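Peer 1: no sequence for this one, just the structure:
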């Protein structure tokens with residue numbers, strides 16, 4: 001695959017795919033990007049809906065940083081309040097990264113020391129099966145091309161409704177097939193009646209593809225180095 005480690009501006013490490021000519025995170029800050037897009041504009045907007053369990057689907061698992069940040073945020077809520085959120089986290093990745101490479105990024109050091117055992121469980125979670133990361137957090141990483149999933153993996157997704165979608169594949173420039181009406185229709189049909197999709201891309205063709213399948217699309221302020229990102233909702237949803 002031809003990947004190498006690169007350091008982003010906030011000091012966090014990420015990977016660069018030489019074959020595609022793209023990084024797995026923003027060069028301006030890997031953790032900052034994850035937190036702004038997927039935690040602030042995704043997870044925090046869905047939690048007030050009270051889904052329990054909350055079903056999350058990530059398209060483009062990559063370095064697992066979005067999963068780490070999500071599990072850590074929920075663990076912090078648990079420590080500071082009486083709130084308990086049960087989460088079923090599903091992630092699809094066509095080209096999994098070796099665990100040794102992921103560990104070399106030192107992302108476990110970005111979170112509290114108490115969270116480190118859970119982070120290790122996330123990295124060690126076997127593909128295509130469910131793992132208990134924390135008492136209220138279950139992870140199922142799925143290996144495959146979302147446009148041509150094996151029947152057993154497709155069945156896993158068809159059996160559930162998702163309340164939150166982290167849409168984080170490589171960009172429309174290098175992977176246009178992953179930003180198609182076909183794929184957004186599949187995702188829309190897997191979303192609950194009230195659900196949210198968040199992604200880093202705000203390109204016009206991406207927003208139009210989402211609107212064609214019935215999503216309500218809004219552009220919101222992006223993280224450093226990116227003017228806007230996209231938040232798309234299904235059903236009655238006040239952002």
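Peer 2: Here it is on my side, so go on. Owing to the predicted nature of the structure, the values given are computational and were not obtained by experimental measurement.
Peer 1: alpha carbons only for contacts and neighbour counts from here, please
Peer 2: Noted.
Peer 1: need the residues that contact stretch 156-173.
Peer 2: Outside stretch 156-173, the residues that touch it by CA atoms under 8 Å, 6 or more residues apart in numbering are 22, 24, 38, 42-43, 46, 51, 54-61, 175, 178-179, 190-192, 194-201, 206.
Peer 1: please repeat the previous calculation with a cut-off of 7 Å.
Peer 2: 38, 46, 54-60, 179, 190-192, 194-199 (CA atoms under 7 Å, 6 or more residues apart in numbering).
Peer 1: now do stretch 24-35
Peer 2: 8-10, 12-16, 62, 66, 223-225.
Peer 1: of the residues you listed, select the buried ones using a ChimeraX command.
Peer 2: Restricted to buried positions by 16 or more other CA atoms under 10 Å, the ChimeraX selection for the contacts of stretch 24-35 reads:
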select :8,12,13,14,15,16,62,66,223
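Peer 1: hmm, back to that, narrow the contacts of stretch 156-173 to those that are buried.
Peer 2: 38, 46, 54-60, 179, 190-192, 195-199.
Peer 1: helix or strand with the lowest mean pLDDT in this structure?
Peer 2: Least confident element among the helices and strands of the chain, by mean pLDDT, DSSP states H and E: helix 151-158 (a mean of 88).
Peer 1: give the buried residues for that helix.
Peer 2: Burial within helix 151-158, assessed by neighbour count using 16+ other CA under 10 Å, is assigned to residue 153.
Peer 1: picking up where we left off before, among the contacts of stretch 24-35, which are in strands?
Peer 2: The strands, defined by DSSP state E, take in 13, 14, 15, 16 from the contacts of stretch 24-35.
Peer 1: just send those residues back as a markdown table, with distance to residue 186 and pLDDT too.
Peer 2: A markdown table is the format used below for the ones in strands among the contacts of stretch 24-35 (distance: CA to CA, whole Å; pLDDT from 0 to 100):
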| residue | distance to residue 186 | pLDDT |
| --- | --- | --- |
| 13 | 33 | 93 |
| 14 | 29 | 94 |
| 15 | 29 | 95 |
| 16 | 29 | 92 |
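Peer 1: who are the packing partners of the biggest strand by length in the chain?
Peer 2: For the chain, the longest strand by residue count, based on DSSP E, is strand 191-199. If you count contacts as 3 or more CA pairs under 7 Å, 6 or more residues apart in numbering; DSSP states H and E, strand 191-199 packs onto strand 162-167, strand 228-234.
Peer 1: about what we covered before: chain center to the least confident helix or strand of the chain: distance?
Peer 2: 19 Å (CA atoms, centre = their mean, to the nearest Å).
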